[in-house]
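J.: compute the structure for the input listed below.
(4 chains)
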4 protein chains.
Amino acid sequence: MVSAHGKVRVAVNGFGTIGKRVADAVAKQPDMVLVGVTKTRPSFEARRAKEKGYPLYLAGNGSREEFESAGLPVAGTLAELLAKSDIVVDAAPDKVGRENAKLYKDLGLRAIFQGGEKAEVAEASFNALGNFDACRGKRTLRVVSCNTTGIARAASVLVPRYGVDHWEVTLVRRASDPAETKKGPINGILPTFQLPSHHGPDVRTIFPDLPIATTALVVPTTLMHVHVNHVRLRRPPTDAKEVLSAFRATPRFHLFAPWEHADGTPQVMEYARDRGIGFNDMMENVLWEEGLRLEGSDAYFFQAIHQESIVVPENIDAIRAACELSDGPTSIRTTDRALGLSA
Amino acid sequence: MVSAHGKVRVAVNGFGTIGKRVADAVAKQPDMVLVGVTKTRPSFEARRAKEKGYPLYLAGNGSREEFESAGLPVAGTLAELLAKSDIVVDAAPDKVGRENAKLYKDLGLRAIFQGGEKAEVAEASFNALGNFDACRGKRTLRVVSCNTTGIARAASVLVPRYGVDHWEVTLVRRASDPAETKKGPINGILPTFQLPSHHGPDVRTIFPDLPIATTALVVPTTLMHVHVNHVRLRRPPTDAKEVLSAFRATPRFHLFAPWEHADGTPQVMEYARDRGIGFNDMMENVLWEEGLRLEGSDAYFFQAIHQESIVVPENIDAIRAACELSDGPTSIRTTDRALGLSA
Amino acid sequence: MVSAHGKVRVAVNGFGTIGKRVADAVAKQPDMVLVGVTKTRPSFEARRAKEKGYPLYLAGNGSREEFESAGLPVAGTLAELLAKSDIVVDAAPDKVGRENAKLYKDLGLRAIFQGGEKAEVAEASFNALGNFDACRGKRTLRVVSCNTTGIARAASVLVPRYGVDHWEVTLVRRASDPAETKKGPINGILPTFQLPSHHGPDVRTIFPDLPIATTALVVPTTLMHVHVNHVRLRRPPTDAKEVLSAFRATPRFHLFAPWEHADGTPQVMEYARDRGIGFNDMMENVLWEEGLRLEGSDAYFFQAIHQESIVVPENIDAIRAACELSDGPTSIRTTDRALGLSA
Amino acid sequence: MVSAHGKVRVAVNGFGTIGKRVADAVAKQPDMVLVGVTKTRPSFEARRAKEKGYPLYLAGNGSREEFESAGLPVAGTLAELLAKSDIVVDAAPDKVGRENAKLYKDLGLRAIFQGGEKAEVAEASFNALGNFDACRGKRTLRVVSCNTTGIARAASVLVPRYGVDHWEVTLVRRASDPAETKKGPINGILPTFQLPSHHGPDVRTIFPDLPIATTALVVPTTLMHVHVNHVRLRRPPTDAKEVLSAFRATPRFHLFAPWEHADGTPQVMEYARDRGIGFNDMMENVLWEEGLRLEGSDAYFFQAIHQESIVVPENIDAIRAACELSDGPTSIRTTDRALGLSA
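T.: Numbers count the residues shown, from 1 in each chain, chains lettered A, B, ... in the order given. The predicted structure is shown next:
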């Protein structure tokens, strides 16, 4: 499915944390065109959209006048944007995507949804390393959430190589994104009293039979989630080095060596600022060489997940899967090169 | 071992976070007398010692003049305090206790050390529910650290009842105590790259064969640690209710019901303030009824550990064990009644 | 106005942060009786009310069944509580007090409101040191908010002694109370774009002509507010010592000496825990000797304000003012002695 | 002073928070060449230096072997770097610059120091808008600290236009930089008991007679400082709009309009990430239109200061002043264009 000009025309509905990143990423792809983005009210983010030359459309109950008085004339309504597009990435707030889904369906439009929606919103749940092929040609896909994406990527490394007998993850979750100033807690830890948490079943939308149990709690930080993993592998690796090499050889993994002194998520984010991709983003799963230990068949490892950006390359690949533009490895390679992620 | 007046004479060396609590606890026991406490420099804590009528002695390189000019005359030196005491609770900063150990030994004084010291500092490591009997009559004991105490207590419930095939704990640790203003991080998560962490081996100083593996990370909060536990029990409990009842029936466990709305550690500490024991202390392991789930032989549960106070009753019981004042259950009962902990 | 038994019968409507403290304080006064408290749903706080023997009444749309199934039988409804009371302290959430005011008026009941309500809710705004006499005999009073109370107390020291030509306060506000886990920000500073802030006009409900301008911002902490004051006095004090002495000689001020090492609000709260009044409360304005500087007629000083408890003694005094039980100084002395605040 | 190739050869000694930013900025200037940077140990920051093609030299007691085993061969020692340079920007940790100063002097090398050093370290203290001309041709300059730079810039707008009778600033300081994970406090406010704080006298190294008094406190955030200003102007502006226009027309000021919804420092930093200059930097003083109020001659305003980057353009201009490369306005224009700061 390719437009006349040879590129897929993509609309991004919603220009918040995920939407603004996906829009940038779409604009950088060789086989996609960003038709426009939507916003419900003017803001500094809307202003950046304009400065970047992204046509701005009105979503929700947004007011054209409000935008104009802010010096941000809009190019039209969501309906007008969708009419010009081959596919839409829905980056609306959680649960709004579900409402939007009806609209897209009525228009016969391909659509990519985010992990804040239930799996039922789309024909399949998607992760590029995990199940690209199974998703190819589905008209609607749901990119699983940041935490689920992180686990699915790690599963893509471990399951085919070693098999997994049992996997336990404690998800130590950041309480809010950096600019979500209304959310707490400021000082304290909040256990999630859903035991096991919903993340395990969500991973199984990608790896249906994975024997995984997850537990979650929320801590007062804004930077990244950290997963504490214990995986009992079916076939024991030779040593920890071998497992580290497997991660290192896989796209969308970033490993820190001990001499780099990346002691925790603040240093990882500092590295991300040094590197300068996206909005100081870390789209890869982050592992530490010191943070992996193998005891026979048991692998223990930490991984850090940047909640704001990890799903961005997945959205791009999901577009290619839904539009049947390429196979998985090619899509991942194209996406990552365009985004500047190291090979 | 009982003094002329029928009470054990206890010195508390160090009057910081642990020392000030142990001093209060000693003062409340029917079979103990607080001979005095030590401090190296005047502070609001030293002032409270005086206001509470605790004789203040000079420790370390403290200056008598400095105390006097603050209106806090001292009663003498550490050596003078020790000379009047039957036993000393060492609550000096980590690693200082090791130095003090030589002094106590030279004086032939019984001594209780804290978990910041290595196990070798004392004849045995101690936990009241875990190994009171084995510690009876040892002249020197080490009360294990807050996290280890929390795990040892839980083991005291689970091991005899069900047996344990495997236990995994992720320790989500508070970064600093409330008044330790120099320590961070302010925003971020720091994994502990010791895999497994030292807590597992430390628990085995109490339960030598426990198959336990622990992992730790540090988060920006001051209130409590939270443990995420997964225990594979040897003999499956009937149901979760039975396990909850076992915890509830054991001293030094506090369970919150769902209707109490104690969503996380901030609410637990708010409860502690409402209750008013000690310095808004929570000397019990805190569990949530909603925060325990049983799947066959696998028990998953959260427990919160108040790092400042959980070892306080243990220090008291350790005094009784070292001085052979009573058996374990009697000591626990006496301690808890004196401290106001619910039966 | 005194009941048959010689004591004023007080109802506390609302048993949250302020209500639970006021209830405890009422229960300790020699001339008051706590008739009961209200709660809308069961919680650990409601449980404490029961454990303390405070009759529990249903407020709002609370369900009697819900309380009973939690083992907390209620004594009746708010209406029944009010019928047995001479005066009610309204400690309902902000803006609910305004609705309650109509009910109290219909019942002809005296009432004390909190500073979250607008001044119009009551006949007068109240501060014990500031305007007790002017409030005597008013049937309805509003205890001004924590920040306004803190400033009004300081004004009570400075205005009569020196006169004030100009006063500027920057209020560095804590973002949430310790157990309010839903509120942020976690990392960041939020200026209050109301310039000057509402606190200045609110102080003038107590000191009508005070030339005061206030500015506020919110920071990610839960413990205390800190005020940065610059006061231009009409008549220059002799020296800083004289001003410090004036504060020290006034009830409801607590000063820290340099040797106490109370470096900031975490240490102040640690002192409060050591002292053990209320819920580790600091009902006094906190000043630091090092934190006051005089340059001619210009006094600069920091003061810390414990948002949870500073208005508690003020509510007690307001009851006495409304019920004409005593003069101001006597009331303050009685309140503070009952609460254990140092003379 | 221009090298053979027509560009000034700049060494950056130290590659931490300031050094890495200054190095990038130097590399972007049309009239400068970055000769190299120094580092004492390998780290992810050192790795970035190499990836950016910056020659890496050994500083302090750094070990060549340690760098080599990390795959980061060094180009030589600090002495070798300095021998190839016309000027050095000292970005060593506080107080180390003072030691380095002797070395630079012995080599007869021009040098730029940071504000963590005392004023005596250099012939003059520098701020581009404030005193470029007075600094021209001095062989050593000290760029004042982030907070002082922020105030000096604001003074550069207000002093010439209106005159200043009195200026008060409360500095609400961030406690640590984002990746400084060892520093606290985590929860609490720490007043600075130096009254007034050192910032006022530091501003007077640029504006010698400015009647300014500053007060400071530290709060648990990593993002930005916020200044609360009250300036009594000698000549009253027409209205707030006029003052806002004056700020807006000046380089290195960024103003947010109300419709941009930049409520506090988290949103300002989010804007910085959206904009993508440097390491998500905000090198300008940040003001909010809503956050400025004029009452006659009294201007009240908030400004936010990004501690990590605000001095970066100043260092570049200081190089030009020391090397007499251009006049102040030309330098500022050149610097800002190269850095992508809006005109």
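J.: only C-alpha atoms for contact and neighbour calcs from this point on.
T.: Fine.
J.: any residue of stretch A:284-299 touching chain B?
T.: Yes - contact of stretch A:284-299 with chain B is found when judged by C-alpha under 8 Å from any C-alpha of the partner chain, involving A:290, A:291, A:292, A:293.
J.: could you pull up the mean pLDDT of that stretch?
T.: Averaged across stretch A:284-299, the pLDDT comes to 97.
J.: wait, does that stretch contact chain D?
T.: No - taking C-alpha under 8 Å from any C-alpha as the criterion, stretch A:284-299 and chain D are apart, separated by no less than 12.5 Å.
J.: that stretch: end-to-end distance?
T.: The first and last residues of stretch A:284-299 sit 20 Å apart, counting by C-alpha to C-alpha, to the nearest Å.
J.: which residues are in contact with it?
T.: A:150, A:153, A:229-237, A:239-240, A:244, A:251-258, A:300-306, A:310, B:191-195 (C-alpha atoms under 8 Å, 6 or more residues apart in numbering or on different chains).
J.: and those residues, which of them are in helices?
T.: A:150, A:153, A:240, A:244 (DSSP state H).
J.: how close does residue A:132 sit to residue A:320?
T.: As judged by C-alpha to C-alpha, residue A:132 and residue A:320 stand 9 Å apart.
J.: just residue A:224 next, same as before
T.: Separation of residue A:224 from residue A:320 (C-alpha to C-alpha): 28 Å.
J.: got the residue ranges for the strands in the stretch 151-300 of chain A?
T.: Counting by DSSP state E, counting those that start in this stretch, the stretch 151-300 of chain A forms strands over residues A:164-174, A:190-191, A:212-219, A:225-233, A:253-256, A:285-288, A:292-295, A:298-305, given from the N-terminal end onward.
J.: among the ones you listed, which comes closest to residue A:36?
T.: Among the strands of the stretch 151-300 of chain A, strand A:298-305 comes nearest to residue A:36, with 28.4 Å by C-alpha to C-alpha.
J.: and the angle for the closest one with strand B:212-219?
T.: Taking axes from the mean of the first three to the mean of the last three C-alpha atoms, to 10 degrees, one finds that strand A:298-305 is oriented at 10 degrees with respect to strand B:212-219.
J.: and the helix or strand just after strand A:298-305, what other elements does it pack with?
T.: Proceeding C-terminally, strand A:298-305 gives way to helix A:312-323 as the next helix or strand, assigned by DSSP states H and E. Judged by 3 or more C-alpha pairs under 8 Å, 6 or more residues apart in numbering or on different chains; DSSP states H and E, helix A:312-323 is in contact with helix A:17-28, strand A:110-113, helix A:128-135, strand A:140-143, helix A:328-339.
J.: roughly how far does the residue of chain A most remote from its centre sit from chain C?
T.: Here the centre of chain A is the reference, and by C-alpha atoms, centre = their mean the most remote residue is residue A:69, at 34.1 Å. Per C-alpha to the nearest C-alpha, to the nearest Å, residue A:69 is found 21 Å from chain C.
J.: same deal with residue A:195?
T.: Between residue A:195 and chain C the computed distance is 21 Å (C-alpha to the nearest C-alpha).
J.: number of residues surrounding that residue?
T.: Applying other C-alpha atoms under 10 Å in any protein chain shown, we find 19 other residues in the vicinity of residue A:195.
J.: in three-state terms, label residue A:30 for me.
T.: Following DSSP: H, G, I helix; E, B strand; the rest coil, the label given to residue A:30 is coil.
J.: show me what contacts it?
T.: By C-alpha under 8 Å, 6+ apart, the contact list for residue A:30 reads A:7, A:338.
J.: please read off the pLDDT at it from the model.
T.: Looking at residue A:30, its pLDDT is 97.
J.: return stretch A:237-252 as CSV; C-alpha atoms alone will do.
T.: What follows is the C-alpha trace of stretch A:237-252 in CSV, where atoms were taken according to Å, rounded to 0.1, in the frame of the first residue of the first chain:
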residue,chain,number,x,y,z
PRO,A,237,23.8,-20.2,28.3
THR,A,238,27.6,-20.8,28.4
ASP,A,239,28.1,-17.7,30.6
ALA,A,240,26.9,-14.2,31.3
LYS,A,241,29.0,-12.8,28.5
GLU,A,242,27.2,-14.9,26.0
VAL,A,243,23.9,-13.5,27.1
LEU,A,244,25.2,-9.9,27.1
SER,A,245,26.5,-10.5,23.6
ALA,A,246,23.1,-11.7,22.5
PHE,A,247,21.5,-8.5,23.9
ARG,A,248,24.2,-6.3,22.4
ALA,A,249,23.8,-7.9,18.9
THR,A,250,20.1,-7.1,18.9
PRO,A,251,18.7,-3.8,17.7
ARG,A,252,17.0,-1.6,20.3
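J.: looking at that stretch now, give me its mean pLDDT.
T.: For stretch A:237-252, mean pLDDT rounds to 98.
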